[in-house]
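A.B. asks: with the sequence up front, the predicted model follows.
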Amino acid sequence: MHVEAEALVRLAAEGDVKAYVELIRRFQHLAFGSALALVHDFHQAEDVVQEAFLAAWSALPSLAEPAAFPGWLRGIVRHQAIRLVRKKHLAALPLTEADEVPTEEPSQDDRLALRQQAWAALATIAELPSALREPATLFYVHECSHQDIAAFLGLSVATVNNRLHAARTQLKEGMLTMVTQTLQSHALPDDFASRIGRLVETRGSVIEALFDPASLPDILTELVISDEPNRRAVSVQVIQRPGGGIVRAITTSPIDSLPRGSTVLSSGRHTDQAVTSAVFERLVPLLAGQPPVARKQGQPLETGIKVIDVMCPLIGGGSVAIAGDLGAGITVVMEEIVRRLSSGPAPVSMFVVMPPPSADRPRSLNDGFSHAEELKKEGYSEGTVGAVQTFFVRGEDGPWTAERLAALAAVDVVIRLSRDLGRAKIYPTVDVLASRSRALDALTVGHDHAELAERIRHAITMLRATDAQPQSDADRVALERARKVQNFFGQPFFVAEPYTKRPGSYVSRADALRGCREILDGSHDDLPPEVFHFNGSIGDIRSKLGT
């Protein structure tokens, strides 16, 4: 083995994740070819390699001689493959499930033909004598060099050359081409090496793992922790990427402590497992670092977002959950809050509750991470930015009603977003009837503010009533004022400027409160509801109208 590879083995044995990732990159195709020669199934061979690298990571400190790593790894691969063949506890994905996955790949008939070709290629390889089967598979999977194959199999280069020549002779020319194309097309994915990390810390149901910083698991990705001493695998989901190669994840059920240094594998897919209200209640204090802020603690923060400052004010040192309908702009609101509060002195813990993917919108980070690239350019790490730390969790299925959100007692503020308001072109889509804040009482924000918020709720409730048809002139005036207040809560965001082509606006709490009060009191009855739509302060609106 090369001196450089031996150095990687030594570093990896000391716990260097980057070194182990590089070792995986160098040996993954050899390991895959060896496994494939034994189990004759692409899916199961990948499972074998995955298990082998997990086992190797845990056992690497016991390897006395780094130069023996290739043969040592091959022994682990063979052990995992033999265990699979005997126990048959790993199953390939049913073809019926694979057919249901949306894809831009060839048609069903074409895929069937490709499968038949793959089966024929595997059958042909399997018919080779055992001495020829493994070197032939290693060579054709990813054109592994004769030297690498010799080191991995513990043979001389001359022996490998002879066995490959014999294998080619037994494979007819046409079949040789098919075998080569088939094995290479089913090789391990390029990101396989980057999917392995190491557990560095556990706090209750919260874990931290270290991965290759250049290829971190996505937010909401499912990870599997290999707990070798207890012979179990623990599934967790990524909720935060604070930087430095660290990902923070949570379990959705209580677990015993996990041994530090355990292997963590990224599944490469987003989780289906929802975080229930009960789990959420348990996690918030762990992640935010404190219980919900008492009313006499923490002062309301000014965000410059009218609807939030008036109807669900955030609390310095407190926590906020943002939840709502798919497509309602959940992460846009999150991004705007990060931008506005990250440079402030008061910390805020923000929990973004992502709804489950729908049939017409598959599971992906397009769940709402609409400005991810722009945020990365600004240093946003999907974790902590200045005073704001953000966590992402997969929410339960079903509508996020006011009653359901009220049950999230662990957080100080709940901001509920509604797709119905989005259809009405009111952005941000904050549902003032389903949102709440512990700060919205006379002791914290003052009697006038609390009373005004109640007036607004009453007006919006009347506006949404199914029988909201004016029965009198007074009703007509009240409904129109309510519509103006609802429109007034719309506002251009800074993070959305490239898309709305409108400059973001900042409206002080005092101006927002004054505007709402004046609208309800009739000071702006001379203006139609449309002019209040997606604007800033009342002064901005009047200035644009020249009145």
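C.D. replies: Looks like it arrived, so ask away. Numbering: from 1, shown residues only.
A.B. asks: contacts, neighbours, all on C-alpha from now
C.D. replies: Fine.
A.B. asks: for the spatially closest residue to residue 482 that is not a sequence neighbour, give me the pLDDT.
C.D. replies: Leaving aside its sequence neighbours, residue 482 sits nearest to residue 459 (C-alpha to C-alpha, 6 or more residues apart in numbering; 5.2 Å). The model reports residue 459 with a pLDDT of 96.
A.B. asks: repeat for residue 303
C.D. replies: Reported pLDDT for residue 303: 97.
A.B. asks: still on that earlier bit, in whichever helix or strand the residue nearest to residue 482 is part of, what counts as buried?
C.D. replies: According to DSSP states H and E, residue 459 maps onto helix 447-464. For helix 447-464, the neighbour count (16 or more other C-alpha atoms under 10 Å) marks 449, 450, 452, 453, 455, 456, 457, 459, 460, 462, 463 as buried.
A.B. asks: surely the residue nearest to residue 482 touches residue 476?
C.D. replies: No - counting by C-alpha atoms under 8 Å, residue 459 sits too far from residue 476 to count as a contact (11.9 Å).
A.B. asks: quick check: residue 262 vs residue 255, distance?
C.D. replies: Residue 262 is 15 Å from residue 255, where distance means C-alpha to C-alpha, to the nearest Å.
A.B. asks: for residue 171, same thing?
C.D. replies: 52 Å.
A.B. asks: compare those two and say which one has the larger neighbour count.
C.D. replies: residue 171 (16 against 10; other C-alpha atoms under 10 Å).
A.B. asks: measure the more buried one to residue 258 for me?
C.D. replies: As judged by C-alpha to C-alpha, residue 171 and residue 258 stand 49 Å apart.
A.B. asks: what residue ranges in the chain score low on pLDDT?
C.D. replies: Counting by pLDDT under 70, the chain has low-confidence residues at 1-3, 87-126, 140-143, 172-191, 193, 290-297, 357-382, 398-403, 406, 466-470.
A.B. asks: repeat the analysis, applying 50 as the threshold.
C.D. replies: Residues of the chain meeting the criterion pLDDT under 50: 89-106, 108-111, 114, 294-296, 361-380.
A.B. asks: so which residues of it form strands?
C.D. replies: Counting by DSSP state E, the chain has strands at residues 196-203, 206-210, 221-227, 232-243, 246-250, 263-270, 300-301, 314-315, 319-324, 348-354, 384-385, 388-394, 413-417, 436-437.
A.B. asks: circling back: OK, contacts around the residue nearest to residue 482?
C.D. replies: 478, 479, 482 (C-alpha atoms under 8 Å, 6 or more residues apart in numbering).
A.B. asks: middle-most residue in this protein, spatially?
C.D. replies: residue 219 (2.0 Å; C-alpha atoms, centre = their mean).
A.B. asks: show me which residues of the helix ranked longest in the chain are buried.
C.D. replies: When the chain is parsed with DSSP state H, its longest helix is helix 17-39. For helix 17-39, the neighbour count (16+ other C-alpha under 10 Å) marks 17-25, 27-39 as buried.
A.B. asks: just checking, what packs against it?
C.D. replies: Helices and strands touching helix 17-39, by 3 or more C-alpha pairs under 8 Å, 6 or more residues apart in numbering; DSSP states H and E, are helix 3-13, helix 42-59, helix 69-87, helix 130-142, strand 196-203.
A.B. asks: mind running it again at 6 Å?
C.D. replies: Helix 17-39 sits against helix 3-13, helix 42-59, helix 130-142, with contacts defined as 3 or more C-alpha pairs under 6 Å, 6 or more residues apart in numbering; DSSP states H and E.
A.B. asks: residue 201: which of those helices is closest?
C.D. replies: Minimum separation from residue 201 across the helices and strands packed on helix 17-39 (C-alpha to C-alpha) falls at helix 42-59, 16.2 Å.
A.B. asks: please save the CA atoms from the closest one in CSV.
C.D. replies: Provided in CSV are the C-alpha atoms of helix 42-59 (Å, rounded to 0.1, in the frame of the first residue of the first chain):
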residue,chain,number,x,y,z
PHE,A,42,-26.3,-4.6,-6.7
HIS,A,43,-28.5,-3.3,-3.9
GLN,A,44,-27.3,-5.9,-1.4
ALA,A,45,-23.7,-5.3,-2.4
GLU,A,46,-24.1,-1.6,-1.6
ASP,A,47,-25.6,-2.6,1.8
VAL,A,48,-22.6,-4.9,2.4
VAL,A,49,-20.1,-2.1,1.6
GLN,A,50,-22.0,0.3,3.8
GLU,A,51,-22.0,-2.1,6.8
ALA,A,52,-18.3,-3.0,6.1
PHE,A,53,-17.2,0.6,6.2
LEU,A,54,-19.2,1.2,9.4
ALA,A,55,-17.6,-1.8,11.0
ALA,A,56,-14.2,-0.8,9.8
TRP,A,57,-14.5,2.7,11.3
SER,A,58,-15.3,1.2,14.7
ALA,A,59,-12.5,-1.4,14.5
